[in-house]
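1. Would you be able to build a 3D model of this:
(2 chains)
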Amino acid sequence: MTVLLTADELVDARGLSCPMPIVKTATLVRTLASGKVIEVLATDPGSVKDFEAWSRSTGNELIESTQEGSVYRFLIRKI
Amino acid sequence: MTTALLERPITPTAQPQPAVEPEAKAATKQFVIINWSGDLDKVWPVLILSSTAAASGLAVKVFITYWGLLPFVKEDRRIVGHNWMQKMLALMQRPGIGHVKLTKMNFFGMGPWMMGKLAKQNNVASPRELLEAALALGVEFVPCQMTMDMFGLTRDDMIEGLGEPAGAATAIEMMTNAQSSLFI
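-> Numbering: from 1, shown residues only, chains lettered A, B, ... in the order given. Predicted coordinates:
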């Protein structure tokens, strides 16, 4: 069964270079309640590895990491 | 030896605890950078790493000393210091985050200008943006009191949001308590 996840917040980090996708996401995540889902859009290819590492460091859950064309999309659940 | 164990002071347990944050688990990890240089190509990675570490939930402290103090001087300050030697130094290396130079290929400002241009083309955050992000994410910048005195810098010369100036013993404690510390 697939559950359609809708994000509560969106971080548009398209066009931004390291470390701004992470910095922007972390800044927003801090203001949110536990359990909230954040969608991040980025074009920095390094962000794929970086969001994996960031979720390991912070404990926030990386639910999904996908790519559509040149845009990377991450779904993160705040713990 | 059991005596050594007995001699250890009892740590108080009733200390007020900060509000539990989801990042609390990771926040116990500490990351320290000694920012010694005032050069663009060194201050930049210091700001990238410190803001990212704070974004990753680490407690981050940056000890700013020597030439590394100058990018943290208010940008409207041109000549700082009390005597001619201090003023001369400020004249030779202009303080402020917008006036940092390159270690090599400076070419009287041509290098940093090109670097800034390239960074903009590639949407790389400027040192100023990164500094703002680092401060917003709670990075603590600790100025070195001794070098502040040597350069004739006052608290008022420094930007807002810095920590209390301190000395070498504080830097040593910061480094030995941290999981990782760098000298850049």
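2. so what's the most centrally placed residue in chain B up against?
-> Among the residues of chain B, B:Val62 comes closest to the average C-alpha position under Cα atoms, centre = their mean, at 3.7 Å. Taking Cβ atoms under 8 Å, 6 or more residues apart in numbering or on different chains, we find B:Val62 in contact with B:32-35, B:46, B:50, B:134, B:139-142. From N, CA and C alone the C-beta is placed, and that goes for glycine too.
3. cool, and B:Glu129?
-> Here B:Glu129 is in contact with A:Met20 (Cβ under 8 Å, 6+ apart).
4. so who does residue 36 touch?
-> All of this refers to chain A. A:8-9, A:77-78.
5. that answer is for a different chain, and I need it for chain B
-> The contact partners of B:Trp36, by Cβ under 8 Å, 6+ apart, come to B:65-68, B:183-184.
6. so which residue of chain B comes closest to chain A?
-> Among all residues of chain B, B:Ala55 sits closest to chain A, at 3.4 Å; criterion: Cβ to the nearest Cβ.
7. Distance of that residue relative to A:Ile38?
-> Distance check for B:Ala55 against A:Ile38: by Cβ to Cβ, to the nearest Å, it reads 13 Å.
8. Looking at the two, which has the bigger crowd around it?
-> Neighbour totals were compared for B:Ala55 and A:Ile38, and B:Ala55 leads with 29 against 20 (other Cβ atoms under 10 Å in any protein chain shown).
9. right, and B:Phe31 touches B:Met174 too?
-> No. Between B:Phe31 and B:Met174 there is no contact under Cβ atoms under 8 Å: 9.9 Å.
10. list residues touching both of the two?
-> Counting by Cβ under 8 Å, 6+ apart, the common neighbours of B:Phe31 and B:Met174 are B:61, B:181.
11. How about the residue of chain B closest to chain A, nearest residue that isn't a chain neighbour?
-> A:Ala26 (3.4 Å; Cβ to Cβ, 6 or more residues apart in numbering or on different chains).
12. And A:Glu61, by the same measure?
-> A:Arg77 (4.3 Å).
13. Pull the number of nearby residues for that neighbour.
-> 19.
14. again with B:Ala134
-> 26.
15. In contact with the residue of chain A found nearest chain B, which residues are there?
-> Residue nearest to chain B within chain A: A:Ala26 (3.4 Å; Cβ to the nearest Cβ). Neighbour list for A:Ala26: A:54, A:58, B:54-57, B:137 [criterion: Cβ under 8 Å, 6+ apart].
16. and the helix or strand containing it, how far out from the chain's middle?
-> According to DSSP states H and E, A:Ala26 maps onto helix A:20-29. Taking Cα atoms, centre = their mean, to the nearest Å, one finds the center of helix A:20-29 at 8 Å from the center of the full chain.
17. pLDDT averaged over it - what is it?
-> Helix A:20-29 shows a mean pLDDT of 96.
18. By mean pLDDT, which helix or strand of chain B comes out lowest?
-> None of the helices or strands of chain B scores lower by mean pLDDT, DSSP states H and E than helix B:2-7, at a mean of 46.
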